[in-house]
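Attaching a predicted model along with its sequence, questions to come.
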Amino acid sequence: MTAVVKPEIVDRIGSTPVVELESFSTNDVKFYAKLEWFNPFGSVKDRAAYWMIKDAEKKGILKKGRSIIIEPTSGNTGIAIAGIASALGYRVEIVVPEKISDETKNILRNLGATLHETSDDLCPRVGAGTDQSIALAKAISKPRPDIYYMPNQYENDANFLAHYESTGPEIWKQTEGRITHFFTGCGTGGTITGTGTFLKEMNKSIKVIAIQAQRNHMLQGLRNFEESSMPELFSRRMGVVDSWMTATNGDSFSAVRLLAKKENLLVGPSSGSVMASMIETAKGIDRGVMVGIFADDGRKFRSLYVKENIFSENEYDAVLDNARHLPKLAYAL
Ligand SMILES: Cc1ncc(COP(=O)(O)O)c(C=O)c1O
């Protein structure tokens, strides 16, 4: 059954909470997580999707009841676009790597999207001959520009602006300007360039730390920049990054377990990568206020976590039962 999504839901995008991870904070080094799964469609990508759709509406590109939005994505952008488009009256086709979790595919279908699957890596690769999802989305949309619109999060500056205009200002306000280190995983680079640029305009000494996935990874939403070249959107503002960290599957999944045990949080894999990087960074600083983007929660990853022995089925269910900060979902899993 397709979920019914009311137009007002888009007003709930952004203004996500920042929570202190008290069991990790010390007197001098503070750990904070920005819980992006409080966005109505469950991830940080609601912001980029909404900004790109609003931008296309402003430019007169989208026509209600006629336009089809098509996008290559490893999941969260697709969920966000499908949800927002169905709220606003557009049809959606999503091109995904077949390896994304079954839960993600079910959510997309439940939100009314048509799926095209490719044998790509988890994150569509950018670069000649390697970008099946992107190439397929372009091949479908190019011959019918009158119907299809491809926002293209890898090049669209509205993706950057979403974070420059919302995520960055929110973090600045929520930490009352005390933030010293900003951490996020990178896919398109929208989150890091938008948030990082805004924060540095407020205080240029804030460190902006980019997290990439290891090669051959299982960290949905992230990218390894040796396997796959830098998206155009990221290249434009690469200079905002102060340092790079590479998250392994193992360290990221250990951090997922640790967050469940010590903070009763059920997080997605990329939040584990961010947490592992914050723990590592904390070892080398005397004082700081660290804020990490927790891009999505763990409810889409039951099958992955059980398959990879991160949690047994019973452990997962217990973590889910006890989890703090899990809002009601706008869609069925
Ligand atoms: C779970 C998750 N974490 C982090 C990111 C990184 O976001 P960005 O595309 O803004 O670099 C994404 C993007 O898809 C994601 O899905």
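All right, it came through fine.

Tell me which residues touch the residue of the stretch 1-150 of the chain found nearest the ligand, please.
Here the stretch 1-150 of the chain gets closest to the ligand at one residue, Asn76, 3.7 Å apart by C-beta to the nearest ligand atom. (Each C-beta comes from the backbone N, C-alpha and C, glycine too.) Asn76 makes contacts with Gly42, Ser43, Val44, Lys45, Gln220, Gly221, Ala295, Asp296, as judged by C-beta atoms under 8 Å, 6 or more residues apart in numbering.

so which of these are also by the ligand?
Applying C-beta under 6 Å from any ligand atom, the subset of the contacts of Asn76 adjacent to the ligand comprises Ser43, Val44, Lys45, Gln220, Gly221, Ala295, Asp296.

With pLDDT and secondary structure added, can I get these in a markdown table?
A markdown table is the format used below for the ones next to the ligand among the contacts of Asn76 (pLDDT from 0 to 100; DSSP: H, G, I helix; E, B strand; the rest coil):
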| residue | pLDDT | secondary structure |
| --- | --- | --- |
| Ser43 | 97 | strand |
| Val44 | 98 | coil |
| Lys45 | 97 | helix |
| Gln220 | 84 | coil |
| Gly221 | 85 | coil |
| Ala295 | 98 | coil |
| Asp296 | 97 | strand |
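
ok, of these, which come out buried?
Applying 16 or more other C-beta atoms under 10 Å to the ones next to the ligand among the contacts of Asn76, the neighbour count classes Ser43, Val44, Lys45, Gln220, Gly221, Ala295, Asp296 as buried.

Could you point out which of those is nearest to Leu304?
Nearest to Leu304, judged by C-beta to C-beta, of those is Gln220 at 8.0 Å.

measure that closest one to His325 for me?
Remark: distance between Gln220 and His325 (C-beta to C-beta, to the nearest Å) = 20 Å.

how far is stretch 91-99 from where the chain is centred?
What separates the centre of stretch 91-99 from the centre of its chain is 16 Å, taken as C-alpha atoms, centre = their mean, to the nearest Å.

So for it, what gets flagged as buried?
Using 16+ other C-beta under 10 Å as the test for burial, stretch 91-99 gives Arg91, Val92, Glu93, Ile94, Val95, Val96, Pro97.

and the closest residue to the ligand within the stretch 101-250 of the chain, what is it in contact with?
Closest residue of the stretch 101-250 of the chain to the ligand, C-beta to the nearest ligand atom: Gly221 (2.3 Å). Contact partners of Gly221, counting by C-beta under 8 Å, 6+ apart, are 43, 45, 74-76, 123, 185, 187, 268-270, 295-296.

Done for today, thanks.
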